[in-house]
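Participant: okay, here's the prediction I keep looking at, along with the sequence it came from:
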Amino acid sequence: MARIGMGLGVGLYALALICCPQAGAEAARAGLTLCGQVILPALFPYFVLSNLAIGLGLGRWLGQKLGGLMPRLFHVGGAGGAALALGLLGGYPVGAGAVRELLERGQCSPEEAQRLLLFCNNAGPAFILSVAGVSVFGRMEIGFLLLTVHALSALGVGLLLRGPEGAVGGEQISSAPRPAPGALLPQAVGKALSSSLQVCAYVVLFNVLIGLLRALTEDWLSLPVGLEPLLAGLLELSNGVCALPAVSSPTLRLALCGFLLGWGGFSVHSQTTALLEGSGLRLGPYLRAKALQGLLSAGLLALAAPLCRGMLPVAHTGGRLTLVQLFPQSLAFGAALWIAILVLLTNRGGKSPCGQV
């Protein structure tokens, strides 16, 4: 049945390309531009830093600092705090890459990695604050509200789906040899480049799919205003968020934004699948957890909307926003957050996490 469905999907994709070749080509060019100007500059440094941080001992250092907190709250070892921190700071799909890195270095068990994956792969604060907050809602305060609810919903998923209390596998012994200091940087850069190119390939593919769907439906199918960003965001997060300004209801716009940020989109899930290939981690529980996180975010934001109604703007008459114009601010936010967290990690108590290797 799955093979038949895949065959039908490929056939429809080929038919759409034949019927709308110009739309497909323009969407591909837009996707490549987005990757060159946004995705690679934004994600590549995060992937390098994630690989370096875990390779230098961030997981073990956090395992000591959070040795009591992570097992009590989420029933995983303290090293999982590295994946949680990197996932909340780096954005999709850095958290998934950090989980795999911990697993490959033997700093968590496969069972713990599966549980970590449920709540450690999240949208980054750079995207939430500058794109969702400033560009979509016009207020940094809304961006911080979205960021807070997104983080709380991720932690809520981790609490709700944490499994039995005795699920922590104990202290893990690394099964992979530690790389020499001179080899750590080349390995981190190589893994980061491979991961970034995989992400870009999926961004271009899903950008083409959305462009073809819009070309095929805009002439004969008029969707309700709130449904277009939802459908686009189910496939690809950035396109869905950029279509939100046309939604007339501020409460609905805020709730939809929270859902899309929590869900992440099938493009992100495909990127996550590629990063986890060969790891043995299952995607089904992860997808259910992301759906739950989206619903939790939407519910919390719908409850919070009456409290900040004066800050929520009316719908933009200009329709959807342009992706490439939104991201320069997010790069600055991301750089500032990473500098702050690295200063905190390297100076807290006068010891560096690198010293724990």
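Facilitator: Nice, I can see it.

Participant: which residues touch stretch 48-55?
Facilitator: 82, 86, 90, 94, 97-98, 101-102, 105, 107, 178-179, 184-185, 187-189, 191-192, 338, 353 (C-beta atoms under 8 Å, 6 or more residues apart in numbering). Just so you know, the C-beta spots here come from the backbone N, C-alpha and C atoms, and that holds for glycine as well.

Participant: any idea of the mean pLDDT in that stretch?
Facilitator: In this model, stretch 48-55 has an average pLDDT of 74.

Participant: so what's residue 305 up against?
Facilitator: 250, 251, 254, 255, 312.

Participant: narrow those to those in helices?
Facilitator: With DSSP state H as the criterion, helices contain 250, 251, 254, 255 from among these.

Participant: can you get me a residue count around the first one?
Facilitator: This points to residue 250. Neighbour count of residue 250, defined by other C-beta atoms under 10 Å: 19.

Participant: so it sits right up against residue 306, yeah?
Facilitator: No: counting by C-beta atoms under 8 Å, residue 306 is not a contact partner of residue 250; they are 10.0 Å apart.

Participant: most neighbours among the ones in helices among the contacts of residue 305, which one?
Facilitator: Taking other C-beta under 10 Å as the neighbour criterion, residue 254 ranks highest of the ones in helices among the contacts of residue 305 with 28 neighbours.

Participant: separation between it and residue 311?
Facilitator: 10 Å (C-beta to C-beta, to the nearest Å).

Participant: what residue is smack in the middle of this protein?
Facilitator: The chain has residue 92 as the residue nearest its centroid, 2.1 Å off, counting by C-alpha atoms, centre = their mean.

Participant: which residue packs closest to that one, ignoring adjacent ones?
Facilitator: Using C-beta to C-beta, 6 or more residues apart in numbering and skipping the chain neighbours, the partner closest in space to residue 92 is residue 268 (4.5 Å).

Participant: likewise for residue 162?
Facilitator: Leaving out its chain neighbours, the residue that sits closest to residue 162 by C-beta to C-beta, 6+ apart is residue 75, at 4.5 Å.

Participant: for that neighbour, grab phi and psi.
Facilitator: When quoted as degrees, to the nearest 10, the phi and psi of residue 75 stand at phi 60, psi 40.

Participant: pretty sure it sits against residue 160.
Facilitator: No: counting by C-beta under 8 Å, residue 75 does not reach residue 160; the two are 11.7 Å apart.

Participant: and these two? Which one has more around it.
Facilitator: residue 75 (22 against 13).

Participant: and that one, how close does it get to residue 118?
Facilitator: Residue 75 sits 11 Å away from residue 118, going by C-beta to C-beta.

Participant: repeat that for residue 76.
Facilitator: Separation of residue 76 from residue 118 (C-beta to C-beta): 10 Å.

Participant: can you check residue 85 too?
Facilitator: The spacing between residue 85 and residue 118, counted by C-beta to C-beta, is 16 Å.

Participant: swap in residue 290?
Facilitator: Per C-beta to C-beta, residue 290 is found 8 Å from residue 118.

Participant: so which elements touch the helix or strand containing residue 215?
Facilitator: Per DSSP states H and E: residue 215 is located in helix 181-217. Helix 181-217 sits against helix 2-19, helix 21-34, helix 40-55, helix 227-235, helix 237-242, helix 266-276, with contacts defined as 3 or more C-beta pairs under 8 Å, 6 or more residues apart in numbering; DSSP states H and E.

Participant: among those helices, which is the most enclosed?
Facilitator: Neighbour counts (mean count of other C-beta atoms under 10 Å) averaged over each of the helices and strands packed on helix 181-217 peak at helix 237-242, with a mean of 26.

Participant: show residues contacting that helix.
Facilitator: If you take C-beta under 8 Å, 6+ apart as the criterion, helix 237-242 is touched by 34, 92, 123, 131-132, 136, 206-207, 210, 229-234, 257, 260-261, 263-265, 267-268, 320-323, 326.

Participant: picking up where we left off before, quick one: work out the angle between the helix holding residue 215 and helix 2-19.
Facilitator: Here helix 181-217 runs at an angle of 70 degrees relative to helix 2-19 (axes from the mean of the first three to the mean of the last three C-alpha atoms, to 10 degrees).

Participant: per-residue confidence averaged over helix 181-217?
Facilitator: On average, helix 181-217 scores 81.

Participant: what about it, distance to the chain center?
Facilitator: Its chain's C-alpha centre and that of helix 181-217 lie 13 Å apart, by C-alpha atoms, centre = their mean, to the nearest Å.
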